[in-house]
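K.L.:
Got a predicted model here, sequence first, then my questions.
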Amino acid sequence: MTRTKKISFGTVALILLLMLASYLLVPWQVKKQGIHWMATHTDRTLQITDASFNPLTLTLRVEGVNLSEPNSVEPFVRLTSLVLSLSSRSLIDRALVLDRIEVDDLFVNLEQTSPSTFNFTDFTASDKNSPPPEADQPFHFSLNNIVIRNGSIDFTDHSAQKKTTHTVRELNLQIPSIGNIPALTETYVTPQLSLMLNGSEIHAEGQTKPFHRSIETSLVLSLDQIDVAFYANQFPLPVPIDVTSGMLDAEIDLAYRVSSDAQPKLLVGGELALTDLDIRSADNTPLLQLPSMVIDLDWADLFQRDINLLSAEIDSPQFYLNRDEKGIWAHQSLVSPTAEAPHANAPDDESQPLLFRIGQFKVIDGSLHVSDHAANGEFRHEINAINLTVDNLSSHPDDKSTLSLTIDTSVDSHLAVRGDAQLALVSADLGVEITDLPLPLFNPYLPANISAALKSGNVTSALTLALTQQPDTIQGEISGQIRIADLHLQETQTASTLLTWAAMDIDGINATLSPPVLHINQVTLSDALVNILLDTQGRLNMATAATASQAPEQNTPEPAEASASPAEGASAPELHIEKFSLQNGTIRFNDQHLPQPFSTDMYQVNGQISGLHSDPERQATVELSGQLENHSPLTIRGTVNPLSTPLSTDLKIHFADIDLVPLSPYSGTHLGYAVDKGKLHLDLSYRIAEQKIAGQNDILLDQFTFGDAVASDQATALPVRLGVALLKDQNGEIHLDVPVSGDLTDPNFTVSGAIFKILRNLLVKAAASPFSLLASVIGNGEDLAHLSFESGHDKLSPGNDGHLDKLVTILKKRPGLTLEISAFVDREKDTAGLRNAQLQTQLRAAKTQQLAARGAAANTPDTPEIDEEEYPQLLKTVYNDLVGQQQPVPESDMEKLLLARIAIGDSELADLAKQRALQVRDALVARDDSIKGQLFLKPSDIYQPPSEGGAARVEFGISSK
């Protein structure tokens, strides 16, 4: 045998020996070293049933592998067989190159025991005594034909608030090649994946070119009947919602591209379908139900935050808005108001903004269910047939979206919104149409202190809305018209009508947001009825409705802390209504609290207010008219500015020919008499400026006459009949001029209160001082209540002529009055006066006798005058005749003695008083005989002292016929 043959034979023998050794030793070493290492370095047990090695194909086969959990017999990893086929290129490329990796019946049990530990953490724990690895060239490898058949994975999370478990079954994975050997990086491979995840099928196929300066990976992922509710309920953190059902199907195309000279891209496309989604709050209140939602992805660059969808369609969604008694909406509870996002997760201000574009977004036949337990009375309503189509819904700055929204709010009510919008620029040009929106739906949202409810009423509108983003604000403009028809407002406690109208048309609306301006061309109120009712308790229905007693406390949430106050200098809203018109209105008044109920109607209320403006310098012109009981005309003219603060008005009101007989229920209750006849005419003028009011009330009562007395506990004790008689002139008219002024900021001031106070004072004055009242009404300027007489005399002096003339004038102007004449005396002064008068009579008689004795009696008057020169001689004559001849007596003593001898008693004084009264009566009759029937002598205590002036007098009293 030659040397060459020996070497060849030896080489072959060595190879065969090595192959035999490897065939025998490799399986044994794998089993021995694997089991030993696992026992030495972990608390686990490794079992290998069998192992074999084929030295020709460099293929290792291991069977019956079972790796236990730490200190347990439960399996961590289990597989039926593992096949590893080593490539001969491993030596050439100095890399790990495997031609084939096959795993059959793989089972892996994964458990998370805490937020940071798993049941395999013992493998990843580093040895503290081991030095850190030195930096070196990367480990080269190429793993080819990776096949996993019939794999299973169990994952259990013990760290979550509630234990969650996920299962993977029927796992079949094929990866033709993966590695970082340069020679292989240009080879595309086709990965495949299929599995059942928690009972849902997932399938993926794709291509990949990894680990080069550029990486390209594409994958088609199929998801079939993924149970969304299951995964949502397995969420490790507590969430305030409960997903009770939902299935996800998807066909996703993923493409990942990265290179050293470009930004990486993760592109996503495909279709997603979500069905039977039901989301509820923690208390099982429904929030959202989606029978079907289909999304057709065009492509989405996730790294560039740019998403493009061909379409998104939601079919028959059910949206729920629920608010509890505390005023908290269900969706508010989904986010804690006090929760703050960690600063670490705060978005980078310089990050790429999210861009999206949806070719067509549609909501088909949606419904909105609203349930509000915090409203004033529970509010429940369902809005159906919500259909929304948005073409080119986009956040790109240059893109414009087209919107079409239609809603059926009830059987005959519709809402439509159509137009264009730009999300990025917050810009919109929309048309909003509302048809017959029923207002009674919103009764629960009326204020709690309003005891009123809408029985009927609907809103129809055609509006346009234009929004434009400005640098520091949003500019908006609204224009169009609104019609509120068939409104009927009731007081809820009695179900009585407060207000109705056929239509309110608001035309020519033009409003802007910045600056805030509302301009309206015309408001027309047609066939309105205002019903004013005083119930049997005297409560006004308007006041009762506005301030309902014992209103239930609202559970409205406490308002959030007030936001920053408006910027100083911000312009106040401007309001301008060019014309407000009333057509064929009616005001109905019904008073049921009187013993005899009263009602009246004001018909044909028409007119307009032109130029209403919130500018306090601009006044609106008022022209209103009406007919009380279709008979008594009312007109109101002037200027007013009710929209400005403070209020400014200048109005004149004329109300004529008001029949007072229907007011008998009021006069009988409060005055004690029915009205027999009479009419009322009013001319009122009021001016309000700077919170001050000045009014002039010219009141005319024509032929006003009281009828029969009415028994009433509420009737005044004041002499109302006398007051009327004092005020009524010879034409049967009562003219009253009642000025009113006051401060509107005074809470105790009211116009009606001021007027009634003046009228009451008139009646008080009629009772206390009727002549003073007459003097003020007729205007003679003096008090005519009495006439004075000289002591001891009953003759009227010429100075009383004017007094008597004025009394005659009063009686002629006030034919309903009677004049009572009472005479009085001054006991001391009139007694002395009577004595002096009788002494004078005696002196004149003595003079007459002397003249007769001298033959001159024919030319002597009945009451001759006595001069100073003859007085002593006549006094002496009378004295001698009565006393007799005596020694000479001084003149003064003679007077005293003569006066003392004259007897004056009560009868003489009574006769003096009587003569005084007769003198006055006769003097009045002499002036005008027509007043004789109005004059009456009234006996009285002749010694009654006067309230003022002298006691020797005649007093006049006034009474009505």
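P.N.:
Looks like it arrived, so ask away.
K.L.:
Sheet partners, orientation included, of whichever strand or helix holds residue 656?
P.N.:
Taking DSSP states H and E as the definition, one finds residue 656 inside strand 648-659. Strand pairing for strand 648-659, using DSSP bridges, gives strand 632-641 (antiparallel), strand 673-689 (antiparallel).
K.L.:
looking at this, residue 399 is in a strand?
P.N.:
No. Per DSSP: H, G, I helix; E, B strand; the rest coil, residue 399 lies outside any strand segment and is coil.
K.L.:
burial count for the closest residue to it other than its chain neighbours?
P.N.:
Spatial nearest neighbour of residue 399, chain neighbours left out: residue 392 (5.9 Å); criterion: CB to CB, 6 or more residues apart in numbering. The way it works is simple: take the backbone N, C-alpha and C, and place the C-beta from them, glycine included. Residue 392 has 15 neighbouring residues, counting by other CB atoms under 10 Å.
K.L.:
And residue 873, by the same measure?
P.N.:
Neighbour tally, residue 873, other CB under 10 Å: 11.
K.L.:
sec struct for it, please.
P.N.:
helix.
K.L.:
ok, the nearest residue to residue 540 once chain neighbours are set aside - contacts?
P.N.:
Computed as CB to CB, 6+ apart, the closest residue to residue 540 that is not its neighbour in sequence is residue 534, at 5.8 Å. Going by CB atoms under 8 Å, 6 or more residues apart in numbering, residue 534 touches 540-541, 590-593.
K.L.:
how far away is the residue nearest to residue 596 when sequence neighbours are not counted from residue 593?
P.N.:
Leaving aside its chain neighbours, residue 596 sits nearest to residue 665 (4.2 Å; criterion: CB to CB, 6+ apart). Counting by CB to CB, to the nearest Å, the gap from residue 665 to residue 593 is 10 Å.
K.L.:
Compare the two (neighbour count), which wins?
P.N.:
Remark: of residue 665 and residue 593, residue 665 carries more neighbours, 18 against 15, as counted by other CB under 10 Å.
K.L.:
Let me see the domain layout of the protein.
P.N.:
With domains defined by automatic domain parsing, the chain comprises 11-86, 213-333+353-425, 453-546+573-627, 646-768, 781-961.
K.L.:
Could you dump these into a markdown table and include distance to residue 192 and mean pLDDT?
P.N.:
Listed next are the domains of the chain as a markdown table, based on distance: least, CB to CB, whole Å; pLDDT from 0 to 100:
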| stretch | distance to residue 192 | mean pLDDT |
| --- | --- | --- |
| domain 11-86 | 18 | 84 |
| domain 213-333+353-425 | 10 | 84 |
| domain 453-546+573-627 | 50 | 90 |
| domain 646-768 | 84 | 86 |
| domain 781-961 | 119 | 86 |
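K.L.:
out of those domains, nearest to residue 151?
P.N.:
With CB to CB as the criterion, residue 151 lies closest to domain 11-86 of those, at 8.4 Å.
K.L.:
one step back: of the strands paired with strand 648-659, which approaches residue 101 most closely?
P.N.:
When those are compared (using CB to CB), the closest one is strand 632-641, at 91.8 Å.
K.L.:
that older thread, in CSV: the domains of the chain, plus distance to residue 141.
P.N.:
Below are the domains of the chain laid out as CSV (distance: least, CB to CB, whole Å):
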stretch, distance to residue 141
domain 11-86, 12
domain 213-333+353-425, 16
domain 453-546+573-627, 56
domain 646-768, 90
domain 781-961, 129
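K.L.:
I figured residue 73 was touching residue 45, is that so?
P.N.:
Yes. The pair residue 73 / residue 45 is scored as a contact, 7.4 Å apart, by CB atoms under 8 Å.
K.L.:
Between those two, which is the more surrounded one?
P.N.:
Legend: neighbour count by other CB under 10 Å for residue 73 and residue 45, higher for residue 45 (18 against 8).
K.L.:
Let me see the contact set for the nearest residue to that one once chain neighbours are set aside.
P.N.:
Take residue 45 and drop its neighbours on the chain: the residue closest to it by CB to CB, 6+ apart is residue 68, 4.4 Å away. For residue 68, the contacting residues are 44-47, 74-76, by CB under 8 Å, 6+ apart.
K.L.:
same thing but 7 Å
P.N.:
44-45, 74-76 (CB atoms under 7 Å, 6 or more residues apart in numbering).
K.L.:
Looking at those residues, which is nearest residue 402?
P.N.:
For the contacts of residue 68, the nearest to residue 402 is residue 76 (58.8 Å; CB to CB).
K.L.:
what's around that closest one, how many residues?
P.N.:
Residue 76: 22 neighbours (other CB under 10 Å).
K.L.:
Distance of it relative to residue 61?
P.N.:
22 Å.
K.L.:
now do residue 464
P.N.:
Taking CB to CB, one finds residue 464 at 79 Å from residue 61.
K.L.:
Other residues contacting stretch 953-961?
P.N.:
Contacts of stretch 953-961 (CB under 7 Å, 6+ apart): 721-722, 725-726, 770-771, 784-789, 816-824, 916-917, 920, 938, 946.
K.L.:
from the chain's centre, how far out does it sit?
P.N.:
63 Å (CA atoms, centre = their mean, to the nearest Å).
K.L.:
Can you mark which positions in it are buried?
P.N.:
953-956, 958-960 (16 or more other CB atoms under 10 Å).
K.L.:
which pair in these spans the largest distance?
P.N.:
Largest pairwise distance in these, by CB to CB, is 24.0 Å, between 953 and 960.
K.L.:
So residue 937 is in contact with residue 818, correct?
P.N.:
No. Counting by CB atoms under 7 Å, residue 937 does not reach residue 818; the two are 11.4 Å apart.
K.L.:
So if I had to pick from those two, which one is more boxed in?
P.N.:
residue 818 (19 against 14).
K.L.:
For that one, give me its contacts.
P.N.:
Taking CB under 7 Å, 6+ apart as the test, what residue 818 contacts is 934, 936, 959, 961.
K.L.:
What separation is there between it and residue 704?
P.N.:
18 Å.
K.L.:
what does residue 168 give?
P.N.:
103 Å.
K.L.:
Also residue 499?
P.N.:
For residue 499, the distance to residue 704 - CB to CB - is 34 Å.
K.L.:
which of those two has more neighbours?
P.N.:
More neighbours surround residue 704 than the other of residue 499 and residue 704, with 20 against 17 (other CB under 10 Å).
K.L.:
ok, the closest residue to that one other than its chain neighbours to residue 630 distance?
P.N.:
Closest residue in space to residue 704, ignoring its immediate chain neighbours: residue 678 at 3.3 Å, by CB to CB, 6+ apart. Taking CB to CB as the measure, residue 678 falls 20 Å from residue 630.
K.L.:
Over to residue 270?
P.N.:
78 Å.
K.L.:
Repeat that for residue 34.
P.N.:
114 Å.
K.L.:
the more surrounded of these two?
P.N.:
Using other CB under 10 Å as the criterion, residue 34 and residue 630 rank with residue 34 on top: 17 against 11.
K.L.:
Would you agree that one falls within a helix?
P.N.:
Yes. Secondary structure assignment (three-state DSSP) places residue 34 inside a helix.
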